[in-house]
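Q: Task: produce atomic coordinates for the following.
(3 chains)
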Amino acid sequence: MPELPEAETIVRSLQRLVQGRHIVKADFLSRRVSGDSPQALAGRRVVQLRRYGKKILFELDQGLLLVDLRMTGRLLMNHVPGPYTRAVLRLDDGVLLFDDIRQFGSLRILEKEPESAGPDPFEISCERFCDCLRGRSRRLKTTLLDQSFVRGLGNIYADEILFRARLHPMLKTDRLTRPRAAALHEAMRETLAEAIVYRGSSVSDYVDGTGQKGSFQLRHEVYRKQGQPCPICQTAIRRIVVGQRGTHFCPHCQRLR
DNA sequence: CTTAATGTTCCCCA
DNA sequence: TTGGGGAACATTAA
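A: Numbers count the residues shown, from 1 in each chain, chains lettered A, B, ... in the order given. Modelled structure (predicted):
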């Protein structure tokens, strides 16, 4: 389940390996990996590799390739193709694989950068973040997961961010005081920045572009910690379901009030 | 055997 | 119009 820190780590691990390289040949091995023609990629040069929310964007000399990893997608440089390899990009130096067990991920060839998603968490100002939050009445958890609010957060970081900000996942956004909204903005940036330093969270499938695991899962405070003591107050972490998503929080530190 | 996990989209209901 | 709930998608692990 790659989210922003994982996508960022993958991009950093692949940049020097793919930037400037030409795509010699591209193959899509499964019907559902892409609706586009892989031939359109042949001969293209990778100008820049960038993160777009939790997705990965190949800026080509002509057009773009958008890789959506969803839950089990992997981009792997110079690995052996396996049963879950869904796409192969042969470069003039090396081979890039797109592996995906669940096949929810996709590769899309675009003319220009997508614009439907919300702002990047590192770019949105505190002012704007607070205004957007309080302008509607939804649960905090739902809002953080909404990619049109900010792009890049998933289930793991939503829970970790809310714990850091000491806010209940079911709290309605319009009931946040300004200082608490500002604290959430700060918790978001701090949590993500720290997760990037630790090269992401490897809870199930995630590895970077060279096959290396991250270590931020060792620093998770609430995600999948139900029954374990809160690192602040020792109260047992609780798991509830919010918007069909498993949600982990400390009932003492994160009160609904 | 069933259930949970996971991100996103879509569809229905209040 | 808004928010919430549920299904669907594919696969593995428990």
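Q: Would you enumerate the residues in contact with the closest residue to DNA strand B within chain A?
A: For chain A and DNA strand B, the shortest gap (CB to the nearest atom of the strand) falls at residue A:154, measuring 3.0 Å. Placement of C-beta: from N, CA and C, glycine included. Residues counted as contacts of residue A:154 (CB atoms under 8 Å, 6 or more residues apart in numbering) are A:1-4, A:54, A:145.
Q: What of residue A:221?
A: Residue A:221 neighbours (CB under 8 Å, 6+ apart): A:160, A:163-164, A:230-231.
Q: picking up where we left off before, can the contacts of residue A:154 go into CSV with extra columns for neighbour count?
A: As requested, the contacts of residue A:154 are exported to CSV (neighbours: other CB atoms under 10 Å):
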residue, neighbour count
A:1, 17
A:2, 30
A:3, 23
A:4, 27
A:54, 23
A:145, 19
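Q: Mind checking which of these are in helices?
A: A:4, A:145 (DSSP state H).
Q: Leaving out the residues flanking it, which one is nearest to the residue of the stretch 101-250 of chain A found nearest DNA strand C?
A: At 3.2 Å from DNA strand C, residue A:136 is the closest residue in the stretch 101-250 of chain A, using CB to the nearest atom of the strand. Closest residue in space to residue A:136, ignoring its immediate chain neighbours: residue A:173 at 5.8 Å, by CB to CB, 6 or more residues apart in numbering.
Q: Then residue A:190?
A: In space, and not counting its chain neighbours, residue A:190 is closest to residue A:164: 6.7 Å by CB to CB, 6+ apart.
Q: Could you list the residues in contact with the helix or strand harbouring that neighbour?
A: Using DSSP states H and E, the element containing residue A:164 is helix A:155-165. Outside helix A:155-165, the residues that touch it by CB under 8 Å, 6+ apart are A:1, A:3-5, A:140-141, A:144-145, A:153, A:168-169, A:180, A:183-184, A:186-188, A:190-192, A:195, A:201, A:203, A:220-223, A:245-250, A:253-254.
Q: at 7 Å what do you get?
A: Helix A:155-165 is contacted from outside by A:1, A:3-4, A:140-141, A:144-145, A:169, A:183-184, A:187-188, A:190-192, A:195, A:201, A:203, A:220-223, A:245-250, A:254, using CB atoms under 7 Å, 6 or more residues apart in numbering.
Q: What residues does the residue nearest to residue A:136 make contact with?
A: Contacts of residue A:173 (CB under 7 Å, 6+ apart): A:133-134, A:136-138, A:140, A:143.
Q: Would you tell me what the next helix or strand after the longest helix belonging to chain A is?
A: Longest helix of chain A, by residue count under DSSP H: helix A:178-197. Sequence-wise, the next helix or strand downstream of helix A:178-197 (DSSP H and E) is strand A:238-242.
Q: And that next one, what does it pack against?
A: For strand A:238-242, the elements it packs on are strand A:245-249, judged by 3 or more CB pairs under 7 Å, 6 or more residues apart in numbering; DSSP states H and E.
Q: Alright, that wraps it up for me.
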